[in-house]
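Colleague: coords please:
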Amino acid sequence: MPDHKILYIIRCGLPESAAGIRVFQMARLLQKNGYIVDFLCADPVAAEGAANHGHDQQTGDRVYSYQGFRYFVPEPSERGRFRNLAELVTAERLCRRVKKHQCAEGYDVFVLYNDPGPLTWRLRKYCAQQCVQLIGDITEWYAPRSRGKIGERLMPLMVGHRIRRLDKCCLDGVIAVSPFLYDYYRRKGMKTIFIPPLMQGSGQQTAVKYHYYTHPVINLVYTGSPGEKDLLVPLFEAVEHLNRKKLRFRLDIAGVGEEYLKVVWKHGSYSELGIFAHGRVSREEALLLGYRADFCVLLRKAKRYARAGFSTKMAECMSSGTAMICNDVSGPEQLLVNGREGFVIAGLEELEAMLEKVAGMEQNRIKEIKEAAREKAKVLFSPAAYAAPLLKLMEKR
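Modeller: Alright, predicted model coming up:
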């Protein structure tokens, strides 16, 4: 079906962030099955680093290419805070761009990646008139925010309204990143498929434990921006207590530096405790820390945002052979077999006891768990496993 064309409408850019990786892997799966996929970016700087091919004469957008895909990016403008906020709640400019590209290219499907809501509403009648399918790629259901800029506080409210009120009447189908979202949309009677973060197995680096010390230790890693969603203090306290007599664990943290530890935890000589906060690092450096670890730790509050999302770091780590340690939030961690492919604790109060158990394991046993995680990832995050339902969802009306 070489004439089947898809426009992926995104608020991210190249595969350098979790969102960028998600949409790129989805597009690559579609491309391998004969579809033509273009990206329409809302952000003027979304494709920095890709090859620039000038302007599209019919739409006025800048055109970038990256690994066989076109990224259409708007011209930067001095719009000001008020106009940017108005665009967030109306999507007027973005909708005009979508319609221009439809006139120029004649797409069969629009895929909206985590749209705040206004564009979903604006496109519902237009897509029906154009015989274009409108599909939602849904990966987030944000928790309310009490801090930050107005737009940052508005976004969770808008997304919540869209999920509850708009998606059923506007979308022709949903790609759900998590079992929670899959079940939610299925209960609403919507055409829904489940696709977690996808990883390309052939190019995935294999985890190789790095020996930082002359004596054996368990290497733990956390990578990301914790914000208000990830819980790190219980991990700091557990590692500190378990290392009080000698270093048995090393915890590497990418995404925050020592200043963060001083604010959320306490002042101290962190390296002496076996805790190393590397600050913001490149994606390649963060991946390297993951490859060198035995376990990646992901602790979250048992709230809707944790159930609705699916951590890209979980997919990346397991695919390389780094096992996970998670707390049970009734989310994606329930896909793991506890004790065989990683560890899932019922509550944070169990973390230290579980780490104590891990510290007493033979190295061969830890290797078995890491290999089991890798084998699970080959099935769970394999693009080929989701090709058939995705292609069926994208079929022409």
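Colleague: who's in contact with stretch 290-299?
Modeller: The list of residues contacting stretch 290-299 from outside it, by CB atoms under 8 Å, 6 or more residues apart in numbering, reads 205-210, 218-223, 230-232, 234-235, 251-252, 311, 313-314, 316-317, 320, 322-327, 333, 342-343, 348, 351, 358, 366, 370. The way it works is simple: take the backbone N, C-alpha and C, and place the C-beta from them, glycine included.
Colleague: do that again at 6 Å, thanks
Modeller: 205, 207, 210, 218-222, 231, 235, 311, 317, 320, 322-327, 366 (CB atoms under 6 Å, 6 or more residues apart in numbering).
Colleague: likewise stretch 109-122?
Modeller: Contacts of stretch 109-122 (CB under 6 Å, 6+ apart): 6-10, 23, 90-91, 94-95, 132-137, 139-140, 155, 158-159, 161-162, 166, 170, 394.
Colleague: and the end-to-end length of it?
Modeller: Across stretch 109-122, the terminal residues are separated by 15 Å (CA to CA, to the nearest Å).
Colleague: in the stretch 201-350 of the chain, which spans are strands?
Modeller: The residue ranges that make up the strands of the stretch 201-350 of the chain, judged by DSSP state E, counting those that start in this stretch, are 218-223, 249-254, 275-277, 295-298, 323-327, 342-345.
Colleague: show me what the host helix or strand of Leu351 is packed against.
Modeller: According to DSSP states H and E, Leu351 maps onto helix 351-359. Applying 3 or more CB pairs under 6 Å, 6 or more residues apart in numbering; DSSP states H and E, one finds that helix 351-359 makes contact with helix 233-242, strand 342-345.
Colleague: for Phe276, give its distance to Cys41.
Modeller: 35 Å (CB to CB, to the nearest Å).
Colleague: settle it for me: which of those two has more neighbours?
Modeller: Cys41 (25 against 16; other CB atoms under 10 Å).
Colleague: quick one: the more buried one from Met394, how far?
Modeller: 21 Å.
Colleague: give the residue spans of this structure that score low on pLDDT.
Modeller: 1-3, 78-79, 201-205, 228, 397 (pLDDT under 70).
Colleague: biggest helix in it, by residue count?
Modeller: Counting residues, the longest helix found in the chain (DSSP state H) is helix 363-380.
Colleague: give me the buried positions along that one.
Modeller: Neighbour-count burial for helix 363-380 flags Ile366, Ile369, Lys370, Ala372, Ala373, Arg374, Lys376, Ala377, Leu380 (criterion: 16 or more other CB atoms under 10 Å).
Colleague: got it, and stretch 325-333?
Modeller: Quick answer for stretch 325-333 (16+ other CB under 10 Å): Ile325, Cys326, Asn327, Val329, Gly331, Pro332, Glu333.
Colleague: among those, which one lies nearest to Pro144?
Modeller: Val329 (17.3 Å; CB to CB).
Colleague: residue contacts, that closest one?
Modeller: Val329 touches Arg300, Ala302, Ala306, counting by CB under 6 Å, 6+ apart.
Colleague: only whichever of those are buried, select them in ChimeraX.
Modeller: Per 16+ other CB under 10 Å, the buried members of the contacts of Val329 correspond to this ChimeraX selection:
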select :300,306
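Colleague: just put the contacts of Val329 in CSV and tack on distance to Lys32.
Modeller: Listed next are the contacts of Val329 as CSV, based on distance: CB to CB, whole Å:
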residue, distance to Lys32
Arg300, 33
Ala302, 38
Ala306, 32
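Colleague: quick check, nearest of the contacts of Val329 to Tyr107?
Modeller: Ala306 (34.2 Å).
Colleague: mind listing what the closest one touches?
Modeller: Ala306 neighbours (CB under 6 Å, 6+ apart): Arg300, Val329, Gly331.
Colleague: where's the closest residue to the last one other than its chain neighbours relative to Leu298, distance?
Modeller: Think Gly331. In space, and not counting its chain neighbours, Gly331 is closest to Arg307: 4.3 Å by CB to CB, 6 or more residues apart in numbering. If you measure Arg307 against Leu298 using CB to CB, the figure is 13 Å.
Colleague: more neighbours: these two, which one.
Modeller: Each of Arg307 and Leu298 has its neighbours counted (other CB under 10 Å); Leu298 has more, 25 against 22.
Colleague: ok, that one to Pro383 distance?
Modeller: According to CB to CB, Leu298 stands 23 Å off from Pro383.
Colleague: do Glu16 as well
Modeller: Distance of Glu16 to Pro383, given as CB to CB: 19 Å.
Colleague: next: Ala373.
Modeller: Taking CB to CB, one finds Ala373 at 19 Å from Pro383.
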